[in-house]
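A.B. asks: Structure for the following, please:
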Amino acid sequence: MKREEIMAMQAGREIDLLISEKVFGVAVEKEYFMLDGASWGKHNPDHYSEYIAAAWEVVNKTSLFNVCMLYGSDSDTHWGIVKLKFGEPKLIVTAETAPLVICRAALLEVCFPNIGGV
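C.D. replies: All right, here's what the predicted structure looks like:
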C-alpha cells in the first residue's frame, strides 16, 4: 500500500479492516461483512476511523504519541498529527476528524516503519 493510498482513505469499514489486520494483527476476511457493515462472521472490528474511543485503542497499540501530537484547528473541521521527535515540528497526517487522522497515522507507522511513516 502506498502512502498516497493511505492518505486518501476515508472513514469506514475499509480502513477499519486494515487497522484490525495491520495494527492489531487480527486477520479479517472481507466476505464476513454485509454491505451495511453488519457482521455475519466471527470478527467485526471496531469503528476505529469513526469513533474517538475506538481510535484511542489504536493510539494505545502503537507508538504514535511517543513522538507525535494530535491537534485540531480552531474550527474543529481539520485535524492533524505533528511529529515532534527530531528538530522542528513537522505535519505528517491530516484528516477531517480526529479518529481518521489517528487511523491514517497508525497505518503509515506500520506500513512504513523504516522510512519515516511517523
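A.B. asks: mind listing the strands in the chain by residue range?
C.D. replies: With DSSP state E, the ranges of strands along the chain come out as 68-72, 79-83, 90-95.
A.B. asks: for those, which one ends up most surrounded?
C.D. replies: Highest mean neighbour count of the strands of the chain: strand 79-83, a mean of 20 (counted as mean count of other Cβ atoms under 10 Å). The way it works is simple: take the backbone N, C-alpha and C, and place the C-beta from them, glycine included.
A.B. asks: How about V26, nearest residue that isn't a chain neighbour?
C.D. replies: Once flanking residues are discounted, V26 sits nearest to S20: 4.9 Å by Cβ to Cβ, 6 or more residues apart in numbering.
A.B. asks: actually H47, not the one I typed
C.D. replies: H47's closest residue in space is A54 (Cβ to Cβ, 6+ apart), at 5.5 Å.
A.B. asks: so the residue nearest to V26 sits right up against E14, yeah?
C.D. replies: No. Using Cβ atoms under 8 Å, S20 is not in contact with E14, being 11.0 Å away.
A.B. asks: More neighbours: which of these two?
C.D. replies: S20 (20 against 12; other Cβ atoms under 10 Å).
A.B. asks: What does the pLDDT read for that one?
C.D. replies: The confidence metric pLDDT takes the value 92 at S20.
A.B. asks: what about it, distance to G80?
C.D. replies: 24 Å (Cβ to Cβ, to the nearest Å).
A.B. asks: Next, the contact list for Y51, please.
C.D. replies: P99 (Cβ atoms under 8 Å, 6 or more residues apart in numbering).
A.B. asks: Report the contact partners of the closest residue to G72 other than its chain neighbours.
C.D. replies: In space, and not counting its chain neighbours, G72 is closest to W79: 5.2 Å by Cβ to Cβ, 6+ apart. Residues near W79 by Cβ under 8 Å, 6+ apart: L70, Y71, G72, S73, T94, A95, E96, T97, A98, L100, V101.
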